[in-house]
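Colleague: I would like the atomic coordinates for the input below:
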Amino acid sequence: TFARREIEKKETNQGYPVREILIPRLKEALERYDTAEVCDIIVAIADSAATDKTIGMDLPIMQSVLPELEHRLDDLGETIPLVSHISIAWALARLGIYHEEYLDRLAKILHEKEHLRNDITPRYLVRLLWIYSKCDALEKIVEDVVPVLEGSVGYMGPAQFARLAQCSEQMAKVKDIIDVQSIVNRLGDRLCSELVVGIEDNVTNVSKMSTADACYILLGLIESGTIEKNVDRPEDADGNFAAWMRDGSRLGRLLAYVHKFQDEFEASEIQKIIKGFSFAFFSTMGKKNRSKKASKAGASAKPDLDVGQLADVLATSGEAVTSTGSSANVVDYGYDGARLN
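Modeller: The predicted model follows:
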C-alpha cells in the first residue's frame, strides 16, 4: 500500500524515487514470504487495480512480485490448493498479463488430478473458463472441464451465467467439443423464470432473486445474444406491464421483474440497466445511423425497445437517472468484472 501511494505521488513529483528505493526493498521482503503469501499479494493487486482503476501504479510492483512467483513455480502444485491456482491465473488475466507457463501448469493439474477437477464449484469453474477464454487458450483445458461444466449448469446462479456468457464467443471456437450456446440458452431461460417466481399472482412482493441478480441476468442475456428483439409486449387495458411475464420471452420476464421491484433498485443498478439495454438494442444499427438517431432524439430514438420509456418507468423509484441520450454509443455498459463473483 505504501509503495502504491509513493508511485502515485511520484506522478506529481512529490514522492520518493520509487524504483530506486522502494522496489529493491520490496524484493528483499518478498524473499521472506512463503509461497501462499506471494500468491495473495498478486490477487490483492488485481482486486485493487480492478476496483480503483490504478493498474498503472501497480505494474512496478508486479515487476517485482511476478519473478518471485516464477521462481516458486515448482512448489506451487504442492503448497497451494487448486482454487488458489485459479485465483492467481484470474488475477494475472485481469491485469492483462498472459503467462503461458502458468496456464500450462494449471492445465496440467486439471488434466492429471481428476478428483480436484471434479470438485470445482460453479463459481471457480466459470472463472477458469473466463481466464482461458481471455487468453485465447481454451484448447488447453476444454476437454478436461466439459464433463464438469455439463454437470454444474443446474447449480449456476446469475453471476455464473453472466461470466459464462462472456466466454460464449471464444467457446464457439470449440463448439465441436461442447455447445456452450445451448448451455447459456437453457441457463438464461431458467434464471429468467426464477426471476418472476413469487410475483406471477401479482399479489406476492417477494422474489428469490435480488436486484443485483437481475443485472447479472441482463448482462448474461446481452453477452450471449439470447435477449429477444422485435417481440410483442402485451399490456392489459390498464397498461399493466406485468403481462410481459406471460408472453414467453426472456425479455418479458426480466422487464416484469424490473417493473415490480423498481423501488428496490439502486441508482447504479438503474444506470447499468439503461446502458445495457442501450447497448443491446442500438448496437445492431450502423454507426452513422446510430449516432444520427441518438443526436436527433436522444434515448427516445426508436430501437426495438424504447429505452426512454424504460428510463421513465425506473425513474419513478425516486433515484436520479441521468440522460441516456449518448448511451447508444456506449460499449462499456457499466458492469465491473471484478464484482462478478
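
Colleague: and the gap between the closest residue to Leu82 other than its chain neighbours and Val148?
Modeller: Leaving aside its chain neighbours, Leu82 sits nearest to Leu116 (4.8 Å; criterion: C-beta to C-beta, 6 or more residues apart in numbering). Placement of C-beta: from N, CA and C, glycine included. Taking C-beta to C-beta, to the nearest Å as the measure, Leu116 falls 10 Å from Val148.

Colleague: sec struct for Gln181, please.
Modeller: Of the three states, Gln181 takes helix under DSSP: H, G, I helix; E, B strand; the rest coil.

Colleague: hmm, back to that, in terms of neighbours, single out the busier of Leu116 and Val148.
Modeller: Per other C-beta atoms under 10 Å, whichever of Leu116 and Val148 has more neighbours is Val148, with 17 against 14.

Colleague: and the more buried one, what's its pLDDT?
Modeller: Val148 carries a pLDDT value of 92.

Colleague: what do you get for Lys108?
Modeller: 90.

Colleague: quickly find the element holding it.
Modeller: Per DSSP states H and E, Lys108 falls inside helix 100-112.

Colleague: list the buried residues of the next helix or strand after that helix.
Modeller: Per DSSP H and E, the first helix or strand lying C-terminal to helix 100-112 is helix 114-118. Of all the residues in helix 114-118, those buried under the rule 16 or more other C-beta atoms under 10 Å are Arg117.

Colleague: which strands or helices does helix 114-118 pack on?
Modeller: helix 100-112, helix 142-152 (3 or more C-beta pairs under 8 Å, 6 or more residues apart in numbering; DSSP states H and E).

Colleague: at 7 Å instead, please
Modeller: helix 142-152 (3 or more C-beta pairs under 7 Å, 6 or more residues apart in numbering; DSSP states H and E).

Colleague: next secondary structure element downstream of the helix it packs on?
Modeller: helix 158-166.

Colleague: what's that following helix packed up against?
Modeller: Using 3+ C-beta pairs under 7 Å, 6+ apart: helix 158-166 touches helix 122-134, helix 180-195, helix 211-224.

Colleague: now the angle from that helix to helix 122-134?
Modeller: 20 degrees (axes from the mean of the first three to the mean of the last three C-alpha atoms, to 10 degrees).

Colleague: who's in contact with helix 158-166?
Modeller: 122-123, 126-127, 129-130, 184, 187-188, 191, 213, 216-217, 219-220, 223-224, 340-341 (C-beta atoms under 7 Å, 6 or more residues apart in numbering).

Colleague: and those residues, which of them are buried?
Modeller: Buried, going by 16+ other C-beta under 10 Å: 122-123, 126-127, 129-130, 184, 187-188, 191, 213, 216-217, 219-220, 223-224, 340, out of the contacts of helix 158-166.

Colleague: hmm, back to that, now distance to Glu266 and mean pLDDT too, for the helices and strands packed on helix 158-166, in TSV please.
Modeller: Shown next, in TSV, are the helices and strands packed on helix 158-166 (distance: least, C-beta to C-beta, whole Å; pLDDT from 0 to 100):
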stretch	distance to Glu266	mean pLDDT
helix 122-134	23	93
helix 180-195	17	91
helix 211-224	7	92
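
Colleague: turn these into TSV, columns for distance to Ala44.
Modeller: Formatted as TSV, these follow (distance: least, C-beta to C-beta, whole Å):
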stretch	distance to Ala44
helix 122-134	17
helix 180-195	31
helix 211-224	24
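
Colleague: out of these, flag the one nearest Ile97.
Modeller: Closest approach to Ile97 among those is made by helix 122-134 (10.7 Å; C-beta to C-beta).

Colleague: other SSEs contacting the closest one?
Modeller: helix 82-94, helix 142-152, helix 158-166.

Colleague: deepest of these, which one?
Modeller: helix 158-166 (a mean of 26; mean count of other C-beta atoms under 10 Å).

Colleague: can you show me the CA trace of that helix as CSV?
Modeller: The C-alpha trace of helix 158-166 is given here as CSV (Å, rounded to 0.1, in the frame of the first residue of the first chain):
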residue,chain,number,x,y,z
PRO,A,158,-27.0,-15.3,-12.2
ALA,A,159,-23.3,-14.3,-11.6
GLN,A,160,-22.1,-17.5,-13.1
PHE,A,161,-24.5,-17.1,-16.0
ALA,A,162,-23.1,-13.6,-16.7
ARG,A,163,-19.5,-14.8,-16.6
LEU,A,164,-20.2,-17.9,-18.7
ALA,A,165,-22.0,-15.8,-21.3
GLN,A,166,-18.9,-13.6,-21.5
